[in-house]
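> Here is the input, now give the coordinates:
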Amino acid sequence: ALSSAASDVYKRQPFVYSKNSLLLSKKGFIFMKTKTLYISDLDGTLLASDGHISDRSRNILNKVIKDGAKVSIATSRNLFAFDQRVAGVDFSIPVILNTGGCIYNCQTRHYDVISDIPFDRVLQLKKILDENEIASFIYGLVDEELYLLYEGLFDEADQAYIKKRGPMYHTFKKDLASLSEMSDSCKVIFFVGYGSYEKTKRILDLSASVDGIKATITKDIYTGNYFIEICEESVSKASAILKLKEMYDIDEIVAFGDNVNDVEMLELSDRCYVPENGLPQIREMADMVIEKNDLDSVARFIVEDYYK
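Numbers count the residues shown, from 1 in each chain. Model (predicted):
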């Protein structure tokens, strides 16, 4: 049966033939882009300003996914945060977490890909930051369970970070010696610093002496502070999307993002769209600027484009 989303779009759109596929309804055939991957960032893009998906966006996405649309997520958030924020969306395509560090299969509830930081690099970076009295928040997987590992807390931003996130995970204080004992059991996927821009820039400068990693500074759109996200050097949203493209016979990539950690993904895409609340330099990259994230603009664009 044709979903109501498809029916609504059909009433407004003329029939256009395409190589992808056609959906038969009582009114005739509707073109569907089944070889197109729609992939969206979360915060500031698909999610509303309260940090969660709206009921309207959830319903729209579930309808197009049911009709065969390939819809996925590329976010810096981990699995726990992802599950909280998009609960109820039935993704049939794996999602990209930790800025490309993990590809997670929502159907099997297991990770398809884990790109971890070499453990000796983790220890090297922690030692440098410890010597400079800068907190490091280390996210690692132990048997696919997420652990948050840290030691010192040196300022109010550190305190706020661990107060908010500590209760969400298996959280442990680990000095350098005890952390090194986890080298065989823990796959570190993400290394985070948090605070002012000056603080995260200092971490960026200090991390430059460590080989095999890459670091990106992004603004926390909810507080005005900054994150520095450190991962294995080959990791990015774009590299993970290329893996999905190969796995799922994708011909076209349509991407949505709003922040600097979306740049490589937007550059890779065949078409890219940025909500008007996105950063100015990110809006300049867009094929088209769409309405603000609070207006369900990503989900509305996908449903219009998929049946177009």
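
> In the protein, where is pLDDT below threshold?
Scanning the chain for pLDDT under 70 picks out the ranges 1-33.

> now with 90?
Low-confidence segments of the chain (pLDDT under 90): 1-34, 221, 249, 308.

> Could you pick out the longest strand of it?
When the chain is parsed with DSSP state E, its longest strand is strand 187-195.

> what's it in contact with?
Strand 187-195 has contacts (CB atoms under 8 Å, 6 or more residues apart in numbering) with 78, 98-99, 101-102, 114-117, 119, 122, 125, 129, 134-142, 155, 157-158, 160-161, 199-200, 203, 213, 220, 225-231. C-beta: built from backbone N, CA, C; applies to glycine.

> In its sheet, which strands sit next to that strand, and in what direction?
Strand pairing for strand 187-195, using DSSP bridges, gives strand 137-142 (antiparallel), strand 226-232 (antiparallel).

> quick one: the helices in the stretch 201-308 of the chain?
With helices called from DSSP state H, counting those that start in this stretch, the stretch 201-308 of the chain shows them at 237-247, 263-268, 280-283, 297-306.

> Tell me the secondary structure at Lys126.
When classified by DSSP: H, G, I helix; E, B strand; the rest coil, Lys126 comes out as helix.

> Could I get the full set of strands for the stretch 51-200 of the chain?
70-73, 95-97, 102-105, 110-114, 137-142, 145-150, 170-173, 187-195 (DSSP state E, counting those that start in this stretch).

> winner for burial among these?
strand 95-97 (a mean of 28; mean count of other CB atoms under 10 Å).

> What lies in contact with stretch 103-113?
79, 82, 90-92, 94-97, 102, 141, 144, 240, 243-244, 247.

> Among those residues, which one sits closest to Lys173?
Closest approach between the contacts of stretch 103-113 and Lys173, by CB to CB: Leu141, at 18.6 Å.

> what's across from that closest one in the sheet?
Leu146, Lys187.

> What residues does it make contact with?
Counted by CB under 8 Å, 6+ apart, Leu141 has contacts Cys102, Tyr111, Ile114, Asp116, Tyr147, Cys186, Lys187, Ile189.

> Okay, the last one and Ile213: tell me how far apart.
Put plainly, it is Ile189. Between Ile189 and Ile213 the distance is 12 Å, computed by CB to CB, to the nearest Å.

> And the fifth one, by the same measure?
According to CB to CB, Tyr147 and Ile213 sit 19 Å apart.

> try the third one
Plainly put, Ile114 is 16 Å away from Ile213 if you go by CB to CB.

> Also Glu264?
16 Å.

> Also Glu246?
Counting by CB to CB, the gap from Glu246 to Ile213 is 25 Å.

> So for these two, which sits in the more crowded spot?
With neighbours defined as other CB atoms under 10 Å, Glu246 and Ile213 compare such that Ile213 has more, 19 against 9.
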